[in-house]
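Q: Sequence isn't available, so here's the structure alone:
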């Protein structure tokens, strides 16, 4: 089920008591070109927020933007995927702005790109995270806490709707989103692991605010950790960043070509 079908389903739910549908903040989004998947790439941090800074001064905001730009070019050129970048330059974006860009783009998948500091310096390698109210472990919880301190996300606006209506709409939206997010996380990690070093237990979940759009499948990818000397050394080089971008672009394209994205 794609997002257009999901929104149609949301709007088909009868509202008790003759409640006006226009009171629900579920936007009527423009139809995208048939058959062309849409990915929103979100380079983490930016502007006044440098993100993690490695021992040698490598800034997360620069690493993520470089990788995301290369991914965008490859997805468009090699895989015919429409890409929207939340930022294309060194500027600050609030978390709720990032989430809203994904929703306004009617994204099939939202991918937030990071290279954070890990709770331990020994941690290194690529990993991927989905949204969960309860973190899978302390490591994932600590990463989410660090990311969420940058800003606060605005929730889904269903002001005025009766409680039972809100519950129905949110359940319909989040059910598909959660399933698709898990599929994307597993596929990205499994495919990337053929070429890139993976973190121990590379598939985790935590309460990341940037993943909270209820109607857009979302994954946060840690391309490595700048707190680790080996990861920083690799991510400082253009060749390594291009390799990460190539692998992630390939795996994202593969994800979008199969269920539940088609």
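A: Nice, I can see it. Here the structure is a predicted model, which means the values were calculated and not measured. Numbering: from 1, shown residues only.
Q: Buried residues in stretch 125-137, which are they?
A: 125-132, 135 (16 or more other C-beta atoms under 10 Å). In this view, the C-beta of every residue, glycine as well, is placed from N, C-alpha and C.
Q: Just the endpoints, please. Distance across that stretch?
A: One end of stretch 125-137 sits 17 Å from the other (C-alpha to C-alpha, to the nearest Å).
Q: Contacts only, for residue 72.
A: 41, 83, 85 (C-beta atoms under 8 Å, 6 or more residues apart in numbering).
Q: returning to what we had before: would you reformat the buried residues of stretch 125-137 as a markdown table and include secondary structure, pLDDT and distance to residue 201?
A: Putting the buried residues of stretch 125-137 into a markdown table (DSSP: H, G, I helix; E, B strand; the rest coil; pLDDT from 0 to 100; distance: C-beta to C-beta, whole Å) gives the following:
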| residue | secondary structure | pLDDT | distance to residue 201 |
| --- | --- | --- | --- |
| 125 | coil | 98 | 10 |
| 126 | strand | 98 | 12 |
| 127 | strand | 98 | 8 |
| 128 | strand | 98 | 11 |
| 129 | strand | 97 | 11 |
| 130 | strand | 97 | 14 |
| 131 | strand | 93 | 17 |
| 132 | coil | 90 | 14 |
| 135 | coil | 90 | 12 |
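Q: which of these lies closest to residue 227?
A: residue 125 (12.4 Å; C-beta to C-beta).
Q: any idea how far residue 35 is from the closest one?
A: Distance, residue 125 to residue 35, by C-beta to C-beta, to the nearest Å: 35 Å.
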